[in-house]
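J.: Return atomic coordinates for the entry below.
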Amino acid sequence: MNYPDIAGVTFEETPERLKVVLPVRRQWPYLLVYSVLMLTWLGATVWMLTLLFGVSRGDMSVRFLIVWVIILLIWAYLWYRLGSFVWRWWQYFAATREILLVSPATLIVRRPLSLLGVTDAYAMEHVSPFYYSEKNGAVAFDYGSRGGLFGLGLERPAAQELIAALNRRFFPHALDEDDEE
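T.: Numbering: from 1, shown residues only. You can find the predicted model right below:
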């Protein structure tokens, strides 16, 4: 199948799937905010671990120690959840490219950051045909009751060419419906 020649976008097709590599427009304010949050989280984690070891070496009753451990476990769980949230969004905004892996069964949107990165997978049977989102300025799709976005770094004409190519390959019935209207 012939794919459009879009600047910065590469297509690689195998019998199993289509791989599309897209550039990402970096959003510096968000990256800066999440970098500060990540550094703050790491600093506070070191500070709390230092405090924990200092308190654990002191003289205390067994009851106080049990209460201290329970409070610490609750804090550790909440702190871990906060850290994983900040880490995920930091990786999302630090990535410089986006990779789509589309097969008849799955759609995978990946924002790699070296060996790390954010990956979302969707079952194609629940993915709607792709369209251009005016609000976000990106390629969008519906997945059940929630939506998905990719291609934030593409200009509108390039995004529309990509949408047409993906819909032609994976949603040919959607093109027939558009022609009838």
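
J.: Return the mean pLDDT over the top helix by length along the chain, rounded to an integer.
T.: Across the chain, the longest stretch assigned as helix under DSSP state H is helix 62-94. Across helix 62-94, the average pLDDT comes to 89.

J.: which residues sit against the next helix or strand after it?
T.: Later in the chain than helix 62-94, the nearest helix or strand by DSSP states H and E is strand 97-102. Contacting residues not belonging to strand 97-102 are listed as 17-24, 107-112, 124, 150-153, 166, 169-170 [C-beta atoms under 8 Å, 6 or more residues apart in numbering]. In short, each C-beta sits where N, CA and C put it, glycine included.

J.: Would you mind checking these for buried ones?
T.: 17-20, 22-24, 107, 109-112, 150-153, 166, 170 (16 or more other C-beta atoms under 10 Å).

J.: who's the residue most central in space within the chain bridged to?
T.: Nearest to the mean C-alpha position of the chain, by C-alpha atoms, centre = their mean, lies residue 118 at 4.3 Å. Here residue 118 sits in beta bridges with residue 111, as judged by DSSP bridges.

J.: Same question for residue 23.
T.: Under DSSP bridges, the beta-bridge partners of residue 23 are residue 97.

J.: Can you tell me what sits against stretch 110-120?
T.: So stretch 110-120 is in contact with 24, 88, 91-92, 94-95, 97-101, 108-109, 148, going by C-beta under 8 Å, 6+ apart.

J.: Sounds good, over and out.
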